[in-house]
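Colleague: Need coordinates for the below:
(chains A, B and C)
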Amino acid sequence: MTAPVIHWFRHDLRLADNPALSAAAASGAPLIALFVFEDDTPGAWAPGAASRWWLHHSLSALDQSLRQRGGALTLRRGPAVDTLMQVVRESGAQQVTFTRGYGPHAAPQETEIAEALAKSGVTCRRFGGALLFEPEAVATKDGRPFRVFTPFYKACLSQPVSDPVASPEAIRPPSRPVTGDKLADWALLPTRPDWAGGLRETWTPGEDAAAARLDAFVGDAMGRYATDRDKPGVTGTSRLSPHLHFGEIGPRQCWHRVHHALATGSGQDTGAEVFLRELGWREFSTHLLHHWPTLPDHPFRADFANFPWRDDDASFVAWQRGRTGYPIVDAGMRELWRTGWMHNRVRMVAASFLIKHLLIPWQRGETWFWDTLVDADLANNAASWQWVAGCGADAAPYFRIFNPVLQGQKFDSDGAYVRRWVPELANLPDKFIHQPWAAPAATLTAAKVTLGDTYPHPIVDHATARRRALDAFAQIRSARGGGQDATGE
DNA sequence: TTTTGAGTTGTTCGA
DNA sequence: GTCGAACAACTCAAA
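Modeller: Next up is the predicted model:
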């Protein structure tokens, strides 16, 4: 009787292009496919509500795929190291495989597991697969991690992206079944109330749906991606982000599929290149988090620790609920609340509004996104919020303050996006859809809009808020010089 | 060591 | 309405 091998599933909830899983299956030993839910790790960013919804369905889809090949998914809940070792003892497994992670807890946890397994005489095999390039493979000439995107991406492009690995054809189940939890008992889905209706309408988690999403993108929107990805009112993006986060599809699969379209030249080169570059940003964020584990909590640029943030709960709630009085911001926040996702262009505008117009700490926005986004990803979320705030790596300059009216007019020129998510403004003419306060009284009446009643007045005036933000940034600039003087004692 | 060129996504102002 | 410059300085990466 052969001792089983355990594949410990993490953010690699797929069968295809999963080198760790394929290695486990190829060993010929009976395979225990294990997922461990850790929701109580102290100090960690436990999955938010939208992520838990996605996780439930993704695990369910993975179990189904495994069953089609003769296997099944075993579910356990608890601290990863203890739980994994428990399953090793119960099953007599002699080998464990897993895909490496990159968050602040990943490396220490993986070391701890490797040591525990070694002590028990169990083989531990760690694989890549979640990134195009391992962090060790991309460095400056001095061997340091990049802090600027463009040279980082160039260094990426100078080496080949390895080919995806085929799915294991069959999975040999263990002769003695391993007990596990029932997915429903984890209560990952909301019940009282069930707010997930918009998520169900918008998304299909799972590996098959991820592959279909990539197919659809390459076959259609990719050709227009360079321009349409900026228009929140049209289907111009890939919407692969949650699938990538949970590892239902690997970045190498996306890369090669899109790169192939580029190589065979179908007049879509620009769109394909821009998309590949976005995969590059995903890499960059993860590399940053790997090298700077405090990225989710602390500003990358230390001088921002002295930034004069405001404590303004009322404004924060207005932002969360989509009631700032700026239609493009409110549309984005409501799309997020309803579907668990927000268009990239609008994320920048909404984030900029929270940080620069309201002067509320970026970490509060980051936390809200973490709870509400189905694609909530520690690296992308942290790096992007810091980028908008101006305190991140290669960040936007402080004086770049989005004007929510201009952004709306430029990227949602026909107001389709605002009309969809802020229906109380739907009858306004295009000219005022992004600035209802500027409309004549008769126009507002005709559109059945009463500012302060059916839709809020702007909670801040743009020009005033912009000035205030510039002054606040000027403060930390002068504080930097003053601080140097003060340190002389 | 010093120097040099460059750096995702913008806005405003004045000609 | 359109256009170019200013917005500020700093840090990174490489030569």
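Colleague: what residues are up against the residue nearest to residue A:130 when sequence neighbours are not counted?
Modeller: In space, residue A:130 comes closest to residue A:99 once its chain neighbours are excluded; the distance is 5.7 Å by CB to CB, 6 or more residues apart in numbering. In this view, the C-beta of every residue, glycine as well, is placed from N, C-alpha and C. Neighbouring residues of residue A:99 by CB atoms under 8 Å, 6 or more residues apart in numbering: A:10, A:11, A:12, A:18, A:19, A:20, A:126, A:127, A:128, A:129, A:130, A:247.
Colleague: okay, the closest residue to the last one other than its chain neighbours: pLDDT?
Modeller: Across the structure, with CB to CB, 6+ apart as the measure, the residue nearest residue A:247 apart from its sequence neighbours is residue A:12 (3.9 Å). The pLDDT attached to residue A:12 in the predicted structure is 98.
Colleague: Can you verify residue A:12 is assigned to a helix?
Modeller: No. Per DSSP: H, G, I helix; E, B strand; the rest coil, residue A:12 lies outside any helix segment and is coil.
Colleague: Most neighbours among the contacts of residue A:99, please name it.
Modeller: In terms of neighbour count, residue A:18 stands highest of the contacts of residue A:99 at 28 neighbours, by other CB atoms under 10 Å.
Colleague: Do I have it right that that residue meets residue A:10?
Modeller: No. At 10.7 Å, residue A:18 does not count as touching residue A:10 under the criterion of CB atoms under 8 Å.
Colleague: Find residues that contact each of the two.
Modeller: With CB under 8 Å, 6+ apart, residue A:18 and residue A:10 have common neighbours A:99, A:247.
Colleague: on that earlier part again, which ones among the contacts of residue A:99 lie within strands?
Modeller: A:126, A:127 (DSSP state E).
Colleague: Quick check: residues of the stretch 51-200 of chain A near DNA strand B?
Modeller: For the stretch 51-200 of chain A, the residues in contact with DNA strand B (CB under 7 Å from any atom of the strand) are A:148, A:149, A:150.
Colleague: Recalculate using a threshold of 10 Å.
Modeller: For the stretch 51-200 of chain A, the residues found near DNA strand B under the criterion CB under 10 Å from any atom of the strand are A:142, A:146, A:147, A:148, A:149, A:150, A:151, A:152, A:153, A:154.
Colleague: In this structure the fourth one contacts residue A:394, no?
Modeller: When you say that, I think you mean residue A:148. Yes. Judged on CB under 8 Å, residue A:148 makes contact with residue A:394 at a distance of 4.8 Å.
Colleague: Mind checking which of the two has more residues around it?
Modeller: residue A:394 (17 against 11).
Colleague: dump the residue contacts of that one.
Modeller: By CB under 8 Å, 6+ apart, the contact set of residue A:394 is A:147, A:148, A:149, A:387.
Colleague: let's see 6 Å
Modeller: A:148, A:149 (CB atoms under 6 Å, 6 or more residues apart in numbering).
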